[in-house]
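In: The following comprises the amino acid sequence and a computationally predicted model.
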Amino acid sequence: CSAPRPAQAISGSTVPTDHHWLGPHRDARLSPRTGVVPFMALLLLQRRPVAGRVLLVTGPGCPGHGLCRSNVQEQTRRQVALLNATAQDLFSLYLKCQGEPFSSETDKLCNPGGVFFPPFRVNRTSERKEVMVAMYKLFAFLNASLGNITRDQEELNPTAKELLDRLHNTTKTTRGLISNLTCLLCKNYNVFQVDVSYGESSKGKSAFRKKQQGCQVLRKYVQVIAQAARILLPHLSPP
């Protein structure tokens, strides 16, 4: 399968990359386990999967506060806009590369109703801090999900270069967004500890189920990123 050249990723530039100030690595594995996840733990590219319910902790020791660059808010806005603009193309290309019956039975096989996604109950009237935390949880989940989908596609469609490139670019942008959201939460609200929730791993499932799970997650992603952009972008627009 092939597609137009994928959009270039916008990675986080809030800190130098050798600090590893990043969210969950693209190879993170999904797990139903629960636990409190400090920002530092999430930002050290740890391999151990984590999950849990929402928890906010504020305090005087927010790590990395001074490492945010002056354009972090504008960069975050551009990253969300890019993810929103490219989500449908990613989903369409994914469908094309899976072949039948996914192309002809999309509504049936890719129905995201049974797929776990973090609750996203904020709206335009929500407090900005609440919106930022919800966004962090959403994109931490998405980053891990993209890692699983990419791993499966590298196994199932190793020659689908356009799809794999697009998955890698989307993951890179998502990691940069997580980094920037971390800086904004620390800088503006002194929040440095948030629980995140991950869905079900596809590891060990049949090829068909791996394709279907990826299809369901990406379709849900198209819906959720559009909602997230509508809510978050006004909070990030210049005054």
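Out: Happy to help now that I have it.
In: helices and strands around the helix or strand residue 179 falls within, which ones?
Out: Counting by DSSP states H and E, the element that carries residue 179 is helix 161-189. If you count contacts as 3 or more C-beta pairs under 8 Å, 6 or more residues apart in numbering; DSSP states H and E, helix 161-189 packs onto helix 39-42, helix 72-98, helix 128-156, strand 191-194. C-betas here are computed from N, CA, C, even on glycine.
In: Go again with 6 Å.
Out: Judged by 3 or more C-beta pairs under 6 Å, 6 or more residues apart in numbering; DSSP states H and E, helix 161-189 is in contact with helix 72-98, helix 128-156.
In: out of these, deepest packed?
Out: helix 128-156 (a mean of 22; mean count of other C-beta atoms under 10 Å).
In: Taking helix 72-98 as reference, get the angle to it.
Out: Angle of helix 128-156 versus helix 72-98, following axes from the mean of the first three to the mean of the last three C-alpha atoms, to 10 degrees, is 30 degrees.
In: quick check: angle from helix 128-156 to helix 161-189?
Out: Interaxial angle of helix 128-156 relative to helix 161-189 (the same axes, to 10 degrees): 160 degrees.
In: Now do helix 128-156: which elements does it pack against?
Out: Helix 128-156 packs on helix 161-189, helix 207-236, going by 3+ C-beta pairs under 6 Å, 6+ apart.
In: returning to that earlier point: wait, which of the helices and strands packed on helix 161-189 is closest to residue 211?
Out: Residue 211 sits nearest to helix 72-98 of all the helices and strands packed on helix 161-189, at 4.7 Å, using C-beta to C-beta.
In: I'd like the next helix or strand past the closest one.
Out: Toward the C-terminus, helix 72-98 is succeeded by helix 106-109 as the next helix or strand (DSSP H and E).
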